[in-house]
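S.K.: A predicted structure for the sequence below; I have some questions about it.
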Amino acid sequence: MNKFFYLCLILSAFVKSNEISFNEVTKLDNGVIQISFLLEKVSYIKSYSLKEPSRLVIDVYDTKLNTKIDEVYNFPVKKIRAIHEENLTRIVIDLYEYVKWKKPTQAHTENGILLNLEIEKAKKLENNTRDIIIAIDAGHGGKDPGAVGRNVVEKDITLLIARELERTLRDTEGYQAIMIRQNDESVSLNQRYQNARKSGADALISIHADGFRLESVKGASVFIWSDEASSSVARNLSEKQRKRIQTQIKDLKPYDFNEDEAKILYPNVYKSKIDQSLILGTKILEQLKRDPFTKIHKKNVEFADFRVLKSVDIPSVLVESGFITNPEDAQRLNKKEGRRMIARSIFLGIHNYFKENPLSGTLLQNNKAYINYIIQEGDTISELAIRFGVTAESIRQTNSLSNNSIFKGQKIKIDLSNT
């Protein structure tokens, strides 16, 4: 009875303080249409598309709708409407045709939380289509250097690996990368997972490099969240995190989303997230094991109490790229080639995860063996072969290239069926 009463109090607090209302529709110069709503605080939302007829749906949990939403608009938007049932507000965007769309984002403004959805007209679509959004968290930063080795600092290594991963995702059709920190800046633990939610991330990858008192300890590891640590190393890392959490947990703003309360409200959602995190982590670890230059510290996915991984619904994985206190690992991570191999393993793990667990309305839903990559300035066939773990010959054959000549803006196929 007490537990039930406690849950009711939490639910009541969520609903009471979060009203949703229609804001506006804006057509940008590039043809993108923005449809926005206002909330009082960041919310747990689900967004998806439907066919026959074409619709986009945003389920906004733990909200109330005091003013009816029923807006008629111009092509390709037919109508914007909303209904409210218990603690759920369901927003429906009725469309005349299929469109490209982006998952809703949530941003704090002086008027409240702006919930923004973007759509764009496109030809020859058989369904409403969107990108898979990956939040990349480069560990530490600013005044927090992380682990320190000889001539190497963790915060620098994590940002360089994150940028390598961002580049691959950015230039691969069907993906969008969100950097939690772009530069050498301080970002609190709360801000890291809060920003992943605000960006509508489909997965969060947190990148780190470990340190230890014994120089002989080396190798990469993969972690997901758990109350109980799976090893002594995981336990030590968890304790370090808990000390930081005690000071940072108080930094939650009134408009922030409370992941701890959401975990109690939605236990089934949280369990599914943990299960999916384990699958995603395993896929990444499998790729790290295939990297001939990266040693593995733990052969299985580890469990630790890392707050950055505690989102109630976003599959979240932390990758320890190595021990910078180990000379061999430090040398590997200090070179672009070594960092690129870590980024490659993470990307291929992500890609294989979404191939086997496709999201409706994304390019990977069709489970194609290849990806489309947009050539960037400075790209070469040999460099792309390394970046994606394939051979230069396979790239030439897949694209019927007689030589290594490629040009900026060119779209090529890369066969990842054997990765």
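M.R.: Ah, there it is.
S.K.: and stretch 198-218, which residues are buried?
M.R.: Under the neighbour-count criterion of 16 or more other CB atoms under 10 Å, stretch 198-218 has 198-212, 217-218 buried. (Glycine included, C-beta is placed from N, CA and C.)
S.K.: Need the distance between the two termini of it.
M.R.: Counting by CA to CA, to the nearest Å, you get 35 Å between the two ends of stretch 198-218.
S.K.: ok, now stretch 125-143?
M.R.: Note: stretch 125-143 ends 48 Å apart using CA to CA.
S.K.: from now on call the first residue 55
M.R.: From this message on, residue numbering opens at 55, which makes the last subject stretch 179-197.
S.K.: Distance from that stretch to the middle of the chain?
M.R.: Centroid separation between stretch 179-197 and its chain, computed with CA atoms, centre = their mean, to the nearest Å, is 4 Å.
S.K.: How about stretch 405-419?
M.R.: 14 Å.
S.K.: List the contacts of it.
M.R.: 102-103, 181-186, 227-228, 256-257, 330, 333-334, 337-338, 340-341, 369, 420-421, 425, 470, 473 (CB atoms under 8 Å, 6 or more residues apart in numbering).
S.K.: Between its first and last residues, how far does that stretch reach?
M.R.: In stretch 405-419, first residue to last residue: 12 Å (CA to CA).
S.K.: what about residue 104, how many neighbours?
M.R.: Residues near residue 104, counting by other CB atoms under 10 Å, number 16.
S.K.: what residue ranges in the protein score low on pLDDT?
M.R.: The chain contains residues with pLDDT under 70 at 55-71, 283-304, 421.
S.K.: Which stretches in it count as helices?
M.R.: For the chain, the helices defined by DSSP state H cover 56-70, 208-224, 243-252, 286-302, 313-319, 321-344, 381-387, 390-410, 435-442, 446-452.
S.K.: Give me the buried positions along stretch 335-355.
M.R.: Buried residues in stretch 335-355, counting neighbours by 16+ other CB under 10 Å, are found at 335-339, 341-342, 345, 348-352, 355.
S.K.: Apart from its neighbours in sequence, what residue is nearest residue 196?
M.R.: Spatial nearest neighbour of residue 196, chain neighbours left out: residue 240 (3.0 Å); criterion: CB to CB, 6 or more residues apart in numbering.
S.K.: try residue 152
M.R.: Using CB to CB, 6+ apart, the closest residue to residue 152 is residue 179 (3.9 Å).
S.K.: State the phi and psi torsions of that neighbour.
M.R.: With angles defined as degrees, to the nearest 10, residue 179 sits at phi -90, psi 140.
S.K.: likewise residue 379?
M.R.: When read as degrees, to the nearest 10, the backbone of residue 379 gives phi -80, psi -10.
S.K.: Surely it touches residue 270?
M.R.: No: look at residue 379 against residue 270 with CB atoms under 8 Å: they stay out of range, at 9.5 Å.
S.K.: separation between residue 315 and residue 348?
M.R.: Using CB to CB, to the nearest Å, residue 315 is found at 39 Å from residue 348.
S.K.: pretty sure residue 363 contacts residue 280?
M.R.: No: with contact defined as CB under 8 Å, residue 363 does not reach residue 280; the gap is 9.1 Å.
S.K.: which residue sits closest to residue 262, ignoring its sequence neighbours?
M.R.: Distances taken as CB to CB, 6+ apart put residue 193 closest to residue 262, at 4.0 Å, once the chain neighbours are dropped.
S.K.: can I assume that neighbour is in contact with residue 261?
M.R.: Yes: counting by CB under 8 Å, residue 261 is a contact partner of residue 193 at 5.9 Å.
S.K.: shared neighbours, these two?
M.R.: Contacts common to residue 193 and residue 261, judged by CB under 8 Å, 6+ apart, are residue 212.
S.K.: Could I get the contacting residues of residue 96?
M.R.: Residues near residue 96 by CB under 8 Å, 6+ apart: 160, 162, 167, 248, 251, 252, 309, 310, 311.
S.K.: Make a ChimeraX selection of the buried ones in those.
M.R.: The following ChimeraX line selects those of these that are buried, judged by 16+ other CB under 10 Å:
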select :160,167,248,251,252,309,310,311
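S.K.: Spit out the contact partners of residue 167.
M.R.: 92, 93, 94, 95, 96, 97, 160, 161, 309.
S.K.: Kindly present those as TSV, with separate columns for distance to residue 119.
M.R.: Shown next, in TSV, are those (distance: CB to CB, whole Å):
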residue	distance to residue 119
92	12
93	11
94	12
95	15
96	17
97	12
160	17
161	20
309	18
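S.K.: Pick out the most distant pair among the residues you listed.
M.R.: For the contacts of residue 167, the farthest-apart pair by CB to CB is 94 and 161; their separation is 13.6 Å.
S.K.: So between these two, which is more surrounded?
M.R.: Between residue 94 and residue 161, counting by other CB under 10 Å, residue 94 is the more crowded of the two (17 against 13).
S.K.: Could you count how many residues lie near the closest residue in space to that one that isn't next to it in sequence?
M.R.: Nearest residue to residue 94 in three dimensions, chain neighbours excluded: residue 72, at 5.0 Å (CB to CB, 6+ apart). Neighbourhood size, residue 72 [other CB under 10 Å]: 22.
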